[in-house]
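In: model this:
(one chain, ligands or ions: 1)
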Amino acid sequence: MSHIRSKRTAKKVQDLGKILLKEEISARYKQSSPPEIVKKCQLNEVKRSLHKSRLEELPDSAASLEEKCMKLAAAIQRAEHLVVYTGAGISTAAEIPDYRGPNGVWTLKDKGISVKAKSLSDANPTFTHMALTSLVRLGMIKHIVSQNCDGLHVRSGVDRKKLSEIHGNMYIETCTQCKDKREYLRLFDTTEHTGIRRHETGRKCHRCFSNLKDSIIHFGEKGPMESPYCWEEARAAAESADMILCLGTSLKILKKYPCLWCMGRQKRNRPSLYIVNLQWTPKDLACQLKINGNCDFVIRRLTQILNISVPPYQRYYDPLFFLHSPLLSDECHANRLKMLHRGQLITDHNYALLDNVDDNPEEIPQIPDDTEGNSPSPGWYGVGLRSAKMKRKGKKFLS
Ligand SMILES: [Zn+2]
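Out: Predicted coordinates for the structure are as follows:
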């Protein structure tokens with residue numbers, strides 16, 4: 001009997017121990033965990049609101065913009081070796097969406113809205129593109145490094161030796177088998193059938209019959225150094241720069257290329273940095289001047305202050321018509337993309353009209369375009385490896 005009683009007592013003690021242990025753990029949890037959880041939630045909330053605020057476009061007041069444009073003009077006049085870095089923000093006036101702006105590709109994707117791509121054959125270089133070309137011709141800009149694949153810098157007539165299109169150009173396909181990596185400039189977007197790690201365009205090299213590849217470098221891909229990327233030229237320009245002007249770029253990608261920022265030099269010996277962008281950039285605290293303004297507005301005001309005339313873009317003289325390799329007769333049927341149409345020469349009378357309008361595409365005299373075509377979403381509109389990874393994981397696309 002006594003044996004059974006002691007066994008029961010032992011069981012009771014054991015149960016009581018378990019209960020006490022549970023209570024102790026629960027008490028400790030109550031003491032320590034809530035503040036940690038609260039802290040974590042608070043931190044996440046701060047991160048979320050910071051991320052949100054960084055996506056906001058916060059334009060400067062008119063007075064502040066004017067003052068900053070004057071400062072920028074003075075800096076450009078002082079500079080001996082100005083290099084310009086451009087991003088999607090300089091092409092939004094051509095109705096090509098950027099990535100992180102209010103109507104950007106990624107912003108819309110985050111909201112579950114599909115991006116309706118305008119036919120890029122309808123897009124023309126903006127005032128900013130034309131002004132930069134004028135400044136390069138005047139020797140005031142030594143080199144342009146662009147993240148844009150829309151080909152609008154080439155189409156604005158800028159000297160290609162002074163341009164590094166570090167993520168490629170949608171109008172250029174290349175033969176990687178030919179010794180000189182033969183380039184084919186086309187009058188249409190060559191990326192119709194291409195994508196991430198899938199660069200063959202479906203056309204063949206006219207010389208060696210190898211498959212041609214588009215020139216686009218998607219996010220996460222590693223690109224070559226030569227044309228149109230011209231990394232050596234970009235690196236050399238940055239090395240000699242005493243001023244860097246960033247236009248319409250969030251700098252989230254560009255900041256990852258140390259050779260563009262002279263990081264090997266002491267801070268005080270690095271080029272002075274000027275940024276024109278409506279949203280926050282990671283270089284805002286490091287720059288001499290941040291202008292929260294629309295690129296076309298700021299550059300137009302800048303050219304006025306510097307007294308530089310900027311010729312309007314005229315498609316008839318678009319360099320692409322002089323540089324392109326025509327499709328062979330058996331290739332023409334395979335291309336369903338709208339070709340760039342040369343249109344007619346705009347007369348002096350129309351030039352006067354162009355000078356009097358303020359970059360509103362609806363007001364610019366339209367060049368007749370009799371080419372009918374489809375406007376599928378270009379292969380580079382996108383989103384690169386980040387999107388592909390998300391798709392593989394079955395996750396919703398996040399910014
Ligand atoms: Zn070839």
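In: Just list the residues touching the spatially closest residue to residue 126 that is not a sequence neighbour, thanks.
Out: Nearest residue to residue 126, sequence neighbours excluded (C-beta to C-beta, 6 or more residues apart in numbering): residue 93, at 4.2 Å. Where C-beta positions appear, they are placed from N, C-alpha and C, glycine not excepted. If you count contacts by C-beta atoms under 8 Å, 6 or more residues apart in numbering, residue 93 has them with 126, 127, 128, 294, 295, 296, 359.
In: Tabulate these (TSV), appending pLDDT.
Out: Output for the contacts of residue 93, formatted as TSV (pLDDT from 0 to 100):
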residue	pLDDT
126	95
127	96
128	97
294	95
295	96
296	96
359	41
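In: So which of the residues you listed are in helices?
Out: 127, 128, 295, 296 (DSSP state H).
In: got the residue ranges for the helices in the stretch 201-350 of the chain?
Out: Listed from the start of the chain, the stretch 201-350 of the chain has helices (DSSP state H, counting those that start in this stretch) covering 231-240, 295-305, 320-323, 329-332, 348-356.
In: closest to residue 71 out of those?
Out: Among the helices of the stretch 201-350 of the chain, the nearest to residue 71 by C-beta to C-beta is helix 295-305 (10.2 Å).
In: Next, the buried residues of the closest one.
Out: By neighbour count with 16 or more other C-beta atoms under 10 Å, helix 295-305 contains the buried residues 295, 296, 297, 298, 299, 300, 301, 302, 303, 305.
In: Going by distance to the ion, which of those wins?
Out: Sorting the buried residues of helix 295-305 by distance to the ion puts residue 295 at the head of the list, at 37.9 Å, by C-beta to the ion.
In: wait, doesn't that closest one sit right on residue 302?
Out: No: here residue 295 does not reach residue 302: they are 10.2 Å apart, not a contact under C-beta atoms under 8 Å.
In: does stretch 204-220 come close to the ion?
Out: Yes: interface with the ion: stretch 204-220 contributes 205, 207, 208, 210 (C-beta under 5 Å from the ion).
In: Check those and tell me the two furthest apart.
Out: Maximum distance among these (C-beta to C-beta): 8.7 Å, for 207 and 210.
In: hmm, back to that, may I see the buried residues of helix 295-305 arranged in a markdown table, with distance to residue 69 as well?
Out: A markdown table is the format used below for the buried residues of helix 295-305 (distance: C-beta to C-beta, whole Å):
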| residue | distance to residue 69 |
| --- | --- |
| 295 | 12 |
| 296 | 13 |
| 297 | 9 |
| 298 | 6 |
| 299 | 9 |
| 300 | 9 |
| 301 | 4 |
| 302 | 6 |
| 303 | 10 |
| 305 | 6 |
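In: need these in JSON lines with distance to the ion, can you?
Out: Conversion of the buried residues of helix 295-305 to JSON lines gives the following (distance: C-beta to the ion, whole Å):
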{"residue": "295", "distance to the ion": "38"}
{"residue": "296", "distance to the ion": "40"}
{"residue": "297", "distance to the ion": "45"}
{"residue": "298", "distance to the ion": "43"}
{"residue": "299", "distance to the ion": "39"}
{"residue": "300", "distance to the ion": "43"}
{"residue": "301", "distance to the ion": "47"}
{"residue": "302", "distance to the ion": "43"}
{"residue": "303", "distance to the ion": "42"}
{"residue": "305", "distance to the ion": "48"}
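In: Just want the phi and psi numbers for residue 59.
Out: Main-chain dihedrals, residue 59, degrees, to the nearest 10: phi -70, psi 140.
In: which residues touch it?
Out: Taking C-beta under 8 Å, 6+ apart as the contact definition, residue 59 lies against 65, 278, 292, 293, 294.
In: try residue 288
Out: The contact partners of residue 288, taken as C-beta under 8 Å, 6+ apart, are 75, 272, 273, 274.
In: tally of neighbours for the residue nearest to residue 207 when sequence neighbours are not counted?
Out: With C-beta to C-beta, 6+ apart as the criterion, residue 207 has its nearest non-adjacent residue at 5.9 Å, and that residue is residue 178. Residue crowding around residue 178 was assessed by other C-beta atoms under 10 Å; the count is 14.
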